[in-house]
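Student: Got a predicted structure here, sequence first:
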Amino acid sequence: MPSAPRLVILDRDGVINRDSDAYIKSLEEWIPYPTSIEAIARLSRAGWLVAIATNQSGIARGYYDEATLATMHAELERLVAVAGGEIAHIAYCPHGPDDGCTCRKPLPGLLEEIRTALGLDSLEGSWIVGDSLRDLQAGDAMGCRSVLVRTGKGSRTEAKGMGLENAQIFNDLAAFTDWLLSQA
């Protein structure tokens with residue numbers, strides 16, 4: 001049996017950066033959590049692939065365009081590189097909830113894109129880190145191990161308690177990273 005890929009898949013808004021119910025519509029509104037950039041770099045330096053799977057329905061809703069999203073992601077990649085790490089792949093869904101796509105989480109399309117882009121046979125045993133149940137459901141569909149962080153919408157998700165039976169829960173991405181790197 002092949003070993004699980006050393007891969008951590010992150011949701012973006014609420015895990016890496018502050019979330020907003022009004023959407024993150026510009027580079028100025030994209031504010032990373034102070035410890036998240038370093039956590040991504042630490043994972044990368046320790047030999048983990050780090051990918052991002054993010055629903056970005058603000059594009060379909062007309063709040064911002066794909067060029068603006070690319071600017072945000074370029075800044076994320078720049079900050080991680082300055083910290084000594086790298087992001088292996090960023091997958092995003094630009095569709096709205098009623099568009100009938102196959103990529104919007106909780107569907108596993110974004111994770112399938114990551115699997116293909118990274119040339120992996122399977123995501124079985126990889127980690128998915130999110131702040132909402134739909135993040136974890138997408139990971140479950142692909143055999144990922146689930147982590148809920150309390151940042152973003154995570155505390156609200158934890159309070160609901162449903163669907164978290166198999167999830168490990170951490171205060172933030174840095175706390176998960178500390179734990180994961182201590183397991184080696």
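Tutor: Alright, I've got the coordinates.
Student: CA atoms for contacts and neighbours, from now on please.
Tutor: Fine.
Student: Could you look up the next helix or strand downstream of the longest helix anywhere in the chain?
Tutor: Secondary structure of the chain read by DSSP state H shows that its longest helix is helix 66-82. Using DSSP states H and E, the helix or strand that follows helix 66-82 in sequence is strand 89-93.
Student: which regions of the chain lie under the pLDDT threshold?
Tutor: 1-4, 184 (pLDDT under 70).
Student: that older thread, CA-only coordinates of the longest helix of the chain, as PDB, when you get a sec.
Tutor: Provided in PDB are the C-alpha atoms of helix 66-82 (Å, rounded to 0.1, in the frame of the first residue of the first chain):
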ATOM      1  CA  GLU A  66     -10.100  36.800 -11.200                       C
ATOM      2  CA  ALA A  67      -7.300  39.300 -11.700                       C
ATOM      3  CA  THR A  68      -7.900  40.700  -8.200                       C
ATOM      4  CA  LEU A  69      -7.900  37.200  -6.800                       C
ATOM      5  CA  ALA A  70      -4.600  36.500  -8.600                       C
ATOM      6  CA  THR A  71      -3.100  39.600  -7.000                       C
ATOM      7  CA  MET A  72      -4.100  38.300  -3.500                       C
ATOM      8  CA  HIS A  73      -2.700  34.900  -4.200                       C
ATOM      9  CA  ALA A  74       0.500  36.400  -5.600                       C
ATOM     10  CA  GLU A  75       1.000  38.300  -2.300                       C
ATOM     11  CA  LEU A  76       0.300  35.100  -0.300                       C
ATOM     12  CA  GLU A  77       2.900  33.200  -2.300                       C
ATOM     13  CA  ARG A  78       5.400  36.100  -2.000                       C
ATOM     14  CA  LEU A  79       4.900  36.300   1.800                       C
ATOM     15  CA  VAL A  80       5.400  32.500   2.200                       C
ATOM     16  CA  ALA A  81       8.500  32.600   0.000                       C
ATOM     17  CA  VAL A  82      10.000  35.400   2.100                       C
END
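Student: and that helix, what does it pack onto?
Tutor: Judged by 3 or more Cα pairs under 8 Å, 6 or more residues apart in numbering; DSSP states H and E, helix 66-82 is in contact with helix 36-45.
Student: Now do the helix it packs on: everything it contacts.
Tutor: Residues from elsewhere that reach helix 36-45 (Cα atoms under 8 Å, 6 or more residues apart in numbering): 15-17, 49-50, 76, 79-81, 83-87, 173-174, 177, 181.
Student: If we use 7 Å, what do you get?
Tutor: Residues outside helix 36-45 that contact it (Cα atoms under 7 Å, 6 or more residues apart in numbering) are Ile16, Val50, Leu79, Val80, Ala83, Gly84, Gly85, Glu86, Leu173, Ala174, Thr177.
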